[in-house]
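> For reference, the sequence and a predicted model appear below.
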Amino acid sequence: MVAPPLFQSVTHTADSAEDFARMASQPLDDDFYTRYGNPTSSRIAKVIADLEGAEAGMMLGSGMGAISTTILSFLEKGDHVIAQKSHYIGTTKLMQDFLPRFGVEVSMVKQSDIAAFEAAIRPNTKLIMLESPVNPSMELTDLEAIAKIAKKEGILTLCDNTFASPIIQRPIEWGIDLVLHSATKYLGGHHDLLAGCVAGSKKLLENVWSQSLVLGASAAPMNSWLALRGIRTLDMRVKKQSASALRIAQFLEEQPEISKVYYPALGSHPQKELVDKQMQGMGGGVMSFVLKKGYEAGVKFLDQLELVLHAASLGGIDTLAILPAVMWGGRLPEEVIREQGLEPGMIRMAVGIEDADDLIADLSQSLRQL
């Protein structure tokens, strides 16, 4: 067999009453019922755990399913969480709107300010939530520095590694406890599946698994199978996307219509030293850039693109671009949008696997029309 099998069955038979009891209660088991686990999902979870250098992994129904299930597995009323001011919009809303409703306090700090993380620690701090690089400013968090602070205080650390992928960055190597991904993005790689995952120690994963049975954010077997398909080309895709993105970012820095380019591997990135250390000098496939003429220019720029598609998401084989001001507007308060550095003329572009020269030509023709 070359391609892995797809186990589409929701439920599985038992040989005896004793076997049924074992199947129904064994953590991370995959031969009882698909909300408890599935052989296809277990297979991709093990692959992701190996890539991240983790002991165990678990697939969930979406990236936010992985984030919310994992976070809720370790918190209760009266606990305190430290998070970044800049996060994926779903994570931000979870921190600002959802957790406080259930008596969990949240402090949000600037991710590049290590001292701010340390100063925010309280006696009831249970968890620190990180994301690096962050969307859409491409700012980094010093994972090793935060992990050291957290371990000293006995605080659990989680890192959303979606924008880097395990090809570029492995947070567990820097001391982070749990790593999260929207597997919809780089791991799947083809814009045709919805899934999330978490990787870490078996003990921590068993806790997440037990909570997931109640929360129900289970991965569909077909989506896990598609992720298995996508992950076989992950290394070559991410490396090509990173190389193309760097060429494109360097080109954009030279264009008079653009005031700023945000891309980790650029020499102009203020955290380039951390990029070289933590991300092996690679920047991934996502960048943001700001058009001098603002929002209306951004709308026109996107309308005139031909090869680059106007769509959300990232990490797939197609190059996609959006105006974050449109996507975030109305979903987050104005002060939060400002704190996350979202400028009216900012474009976020996720580079695919098309030829870099073709992408540059498309960007050039659209810029000329501005």
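That came through, no problem.

> Where does pLDDT dip in the stretch 101-250 of the chain?
Of all residues in the stretch 101-250 of the chain, none has pLDDT under 70.

> how about the strands in it?
Secondary structure of the stretch 101-250 of the chain (DSSP state E, counting those that start in this stretch): strands at 105-109, 125-131, 156-160, 178-182, 196-200.

> Of all those strands, which one is nearest residue 318?
strand 178-182 (16.5 Å; Cβ to Cβ). Using the backbone N, CA and C atoms, a C-beta is placed for each residue, glycine as well.

> Direction included, what does the closest one pair against?
Sheet pairing for strand 178-182, assigned by DSSP bridges, gives strand 156-160 (parallel), strand 196-200 (antiparallel).

> List the buried residues in the last one.
In terms of neighbour count (16 or more other Cβ atoms under 10 Å), strand 196-200 has its buried residues at 196-200.

> In TSV: the strands of the stretch 101-250 of the chain, plus distance to residue 241.
Shown next, in TSV, are the strands of the stretch 101-250 of the chain (distance: least, Cβ to Cβ, whole Å):
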stretch	distance to residue 241
strand 105-109	30
strand 125-131	19
strand 156-160	18
strand 178-182	16
strand 196-200	20
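
> and residue 304, which of those strands is closest to it?
strand 178-182 (29.2 Å).

> next one: the closest one to chain centre, how far?
Centroid displacement of strand 178-182 relative to its chain, using Cα atoms, centre = their mean, to the nearest Å, is 7 Å.

> and the helix ranked longest in the chain, what other elements does it pack with?
Looking across the chain with DSSP state H, the single longest helix is helix 234-253. When contacts are defined as 3 or more Cβ pairs under 8 Å, 6 or more residues apart in numbering; DSSP states H and E, helix 234-253 packs onto strand 258-262, strand 286-291, helix 356-368.

> And the chain, what are its domain boundaries?
If you go by automatic domain parsing, the domain ranges for the chain are 17-231, 234-368.

> Any idea how far apart the tips of the last one sit?
It refers to domain 234-368. Terminal residues of domain 234-368 are spaced 34 Å apart (Cα to Cα, to the nearest Å).

> swap in stretch 158-178?
In terms of Cα to Cα, the two terminal residues of stretch 158-178 are separated by 5 Å.

> Stretch 190-208 now?
End residues of stretch 190-208 are separated by 28 Å (Cα to Cα).

> If you count neighbours, what's buried in that stretch?
Buried, per 16+ other Cβ under 10 Å, within stretch 190-208: 190-191, 193-200, 204-208.

> How about stretch 309-318?
309, 314-318.

> In contact with the residue lying closest to residue 325 once chain neighbours are set aside, which residues?
Spatial nearest neighbour of residue 325, excluding adjacent residues (Cβ to Cβ, 6 or more residues apart in numbering): residue 344 at 5.2 Å. Residues counted as contacts of residue 344 (Cβ atoms under 8 Å, 6 or more residues apart in numbering) are 294-295, 298, 325.
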